[in-house]
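1. Whatever this is, show me its structure:
(2 chains)
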2 protein chains.
Amino acid sequence: MTNIREIARLAGVSTATVSRVINDHPYVNEEKRQKVLEIIRRLDYVPNSSATSLKKGMTRIVGVVSGAYTTSSTPFIQAFNIIAQQHGFHVMLFLTDNDCGKELVALEMLRSKQLDALVCLHRANEWPIIESYTKYGPIVTWQRLVNDLIPSVFMDQYQGYMLGLEHLHARGYRRIMNVYSSKGLNTPQRMRAYDDFSKKYWLDDSGFADLHGKVSITDGERIARSWVEQTDKPDAIACSNDDVAAGLLTELKRAGVSVPGEVAILGFDNNNLARLLDLTTVHYPSDKQAENAFAILLDRLGQEAPALHTLEFELIERSST
Amino acid sequence: MTNIREIARLAGVSTATVSRVINDHPYVNEEKRQKVLEIIRRLDYVPNSSATSLKKGMTRIVGVVSGAYTTSSTPFIQAFNIIAQQHGFHVMLFLTDNDCGKELVALEMLRSKQLDALVCLHRANEWPIIESYTKYGPIVTWQRLVNDLIPSVFMDQYQGYMLGLEHLHARGYRRIMNVYSSKGLNTPQRMRAYDDFSKKYWLDDSGFADLHGKVSITDGERIARSWVEQTDKPDAIACSNDDVAAGLLTELKRAGVSVPGEVAILGFDNNNLARLLDLTTVHYPSDKQAENAFAILLDRLGQEAPALHTLEFELIERSST
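-> Have a look, this model is predicted:
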């Protein structure tokens, strides 16, 4: 029967090297790895993966739980996937549509050791339920959460939004309309920022109703059409993200409105679209955030983890304000 | 010791239902599923996943091998993820940077039954090597390939590109410059389309050198700057994808060039950006393509598979031509 020792002998490497190749360890000399894989293929050797997993106690698979692919989750997922693979981990994606049952599938896989760890971007079940699974493996989130069992890589949206608002004020805008995304996640911090901001500068609440639940290009286009028809108009619109800002900007331009002459537009995230359309925006370092999430998981798995990045928002001034 | 029978008794359901919940079968009454999961949690029951997998012979995990997240692979991956989950399968992503070794990791996981099947979007190893793994599980690709062992959901780029070229011709453009992506994949078919097209209409090869390896917004912006400086200018530019077209369009507009007055721009894919910027483009149904890829895998896994979509390119006329 083929075993590791035989493969090592034929490939002219140590059994430790064969084991590292089989277990997909990242730091193996490429030439040796090719050699070992060639022998493995030639002998049609199938490692007993269950035995391997039991011995190591690890599958080297991390689950990412997300409600859906969104403008904000997609770059995070991509960056997380890249850093995880660099460390020899695979990523399994769970799209939950915010359904408790679908989320439990991922949690149960953590419990039954089919996953080593979980990143929970959106959650459907209550935190205490999710927390109860941390005894089976580390879980990290990007949501604002203070919980020893579930570390968070959240970024303070208050700070980021305030950066944008202060910029609008410095440019002379006083009649600002806020466009928020869903009520649940980042919005409370952003609303608090606007509240403090309007108090600080004695801006009376000018009667512009906040918009909520706006996240897409199409949402932005609709907001543009309302703006055109409004009689009492805001002179600046702070958007939930760059997609909304992009839809708003292009639809206003189609209607012949001058930006920022008649109305200024502020985006959020600093994605490709913002750069393409010269949108002023707030840079959100989701790649570094994803790398921090992975580093925390790695550390909790008892492995050597890369140092954490300092996560900071940054104002990107362009031509829409 | 806790076993399935005990869980079934406590949850008041059949053992078959418990088994379906444990194996993440999609068609389980939600209420029953919650009940079973609650009991499972209460008893802290961990199913012997290796035993389960061996018995079923399936992990319900499909691997997707991609060189990187690109404008074209990302929507495919997202759509594939969604359809797979709807059928109770999980997706594991392998980003290979077109490295043979990284690709072999996925192939080896198929061989050792850690994956049920593979989608190979980009490949690093030669096809015969990949083919040799089909005895361990089905592999499907979206690349143009005629191979009984590796079914393909490829779309004929010749047809799609010709649609775009014929449109440019009908609008009166005769001096067309082609911007292609990498030499490897879709480009040969597109080049063949242009060749036939220029012969059909007696367009002399006007000396516009084809551009190759252009895939990003930044590439498009660079092309715009060269266009402005060129003395002998094309009157239409057919782009490898919408990102290039978007970068080209916005940079030309920044330079005060009228589109399509001075030069027409044709995109490819019909992504969000194309709609936002009113780009004429060719719609590429990557979501349906991904669903077909999944259906083929499901069928080869001996499961009931949804019917295949007919995949067709479609010309989307907007204001850039």
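2. A:Lys214 is in contact with A:Val244, isn't it?
-> Yes: with contacts counted by Cβ atoms under 8 Å, A:Lys214 reaches A:Val244, the gap being 5.3 Å. (Each C-beta comes from the backbone N, C-alpha and C, glycine too.)
3. Looking at those two, which is more packed in?
-> Here A:Lys214 and A:Val244 are compared on neighbour count by other Cβ atoms under 10 Å in any protein chain shown; more neighbours surround A:Val244, at 30 against 22.
4. Okay, the more buried one and B:Pro306: tell me how far apart.
-> The span separating A:Val244 from B:Pro306 equals 34 Å under the rule Cβ to Cβ, to the nearest Å.
5. One more: A:Leu115?
-> Between A:Leu115 and B:Pro306 the computed distance is 28 Å (Cβ to Cβ).
6. go on, A:Arg60?
-> In this view, A:Arg60 and B:Pro306 are 32 Å apart by Cβ to Cβ.
7. Same drill for these two, tell me which one is more crowded.
-> Neighbour count, other Cβ under 10 Å: between A:Arg60 and B:Pro306, A:Arg60 has more, with 18 against 14.
8. Tell me which residues touch that one, please.
-> Listed by Cβ atoms under 8 Å, 6 or more residues apart in numbering or on different chains, the contact partners of A:Arg60 are A:Asn23, A:Asp24, A:Gly88, A:Phe89, A:His90, A:Asp116.
9. how about JSON lines for these, with secondary structure and pLDDT added?
-> Formatted as JSON lines, these follow (DSSP: H, G, I helix; E, B strand; the rest coil; pLDDT from 0 to 100):
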{"residue": "A:Asn23", "secondary structure": "coil", "pLDDT": "70"}
{"residue": "A:Asp24", "secondary structure": "coil", "pLDDT": "69"}
{"residue": "A:Gly88", "secondary structure": "coil", "pLDDT": "90"}
{"residue": "A:Phe89", "secondary structure": "coil", "pLDDT": "93"}
{"residue": "A:His90", "secondary structure": "strand", "pLDDT": "91"}
{"residue": "A:Asp116", "secondary structure": "coil", "pLDDT": "96"}
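10. dump the residue contacts of A:Arg171.
-> Under the criterion of Cβ under 8 Å, 6+ apart, the contact list for A:Arg171 reads A:Pro260, A:Ala264, A:Thr321.
11. Name the member of those residues that has the highest neighbour count.
-> With neighbours taken as other Cβ under 10 Å, the top of the contacts of A:Arg171 is A:Thr321, carrying 24 neighbours.
12. tally of neighbours for A:Leu95?
-> Using other Cβ under 10 Å, A:Leu95 is surrounded by 22 other residues.
13. if I read this right, it contacts A:Val64, doesn't it?
-> No: judged on Cβ under 8 Å, A:Leu95 makes no contact with A:Val64 at a distance of 9.5 Å.
14. Name the residues contacting each of those two.
-> Looking at what touches both A:Leu95 and A:Val64 (by Cβ under 8 Å, 6+ apart), there is no common residue.
15. Helix, strand, or coil at the residue sitting nearest the centre point of chain A?
-> Closest to where the C-alpha atoms of chain A average out (Cα atoms, centre = their mean) is A:Phe76, at 3.1 Å. When states are read from DSSP: H, G, I helix; E, B strand; the rest coil, the local structure at A:Phe76 comes out as helix.
16. And it, how close does it get to A:Leu308?
-> A:Phe76 sits at a distance of 16 Å from A:Leu308 (criterion: Cβ to Cβ).
17. For A:Leu311, give me its contacts.
-> If you count contacts by Cβ under 8 Å, 6+ apart, then A:Leu311 has A:Val153, A:Met155, A:Pro285, A:Lys288, A:Gln289, A:Asn292 around it.
18. How about it: what's its closest non-neighbour residue?
-> Distances taken as Cβ to Cβ, 6 or more residues apart in numbering or on different chains put A:Met155 closest to A:Leu311, at 5.3 Å, once the chain neighbours are dropped.
19. Could you say which helix or strand holds the one you found?
-> Counting by DSSP states H and E, no helix or strand carries A:Met155.
20. confidence score at it?
-> The pLDDT attached to A:Met155 in the predicted structure is 93.
21. ditto for the one 4 residues further on
-> Note on A:Gln159: pLDDT of 96.
22. Make sure it is actually in contact with A:Tyr284.
-> No: with contacts defined as Cβ under 8 Å, A:Gln159 does not count as touching A:Tyr284, sitting 11.1 Å away.
23. Among the two, which residue is more densely surrounded?
-> For A:Gln159 versus A:Tyr284, the count of surrounding residues by other Cβ under 10 Å is larger for A:Tyr284: 24 against 13.
24. got the contact list for the more buried one?
-> Taking Cβ under 8 Å, 6+ apart as the criterion, A:Tyr284 is in contact with A:Ser72, A:Met155, A:Gly160, A:Phe268, A:Asp269, A:Asn270, A:Phe313.
25. Could you list the low-pLDDT ranges of the stretch 101-250 of chain A?
-> For the stretch 101-250 of chain A, residues meeting the criterion pLDDT under 70 lie at A:183-184, A:205-207.
26. Quick one: the strands in it, in order.
-> Counting by DSSP state E, counting those that start in this stretch, residue ranges of the strands within the stretch 101-250 of chain A are A:117-120, A:139-141, A:176-178, A:236-238.
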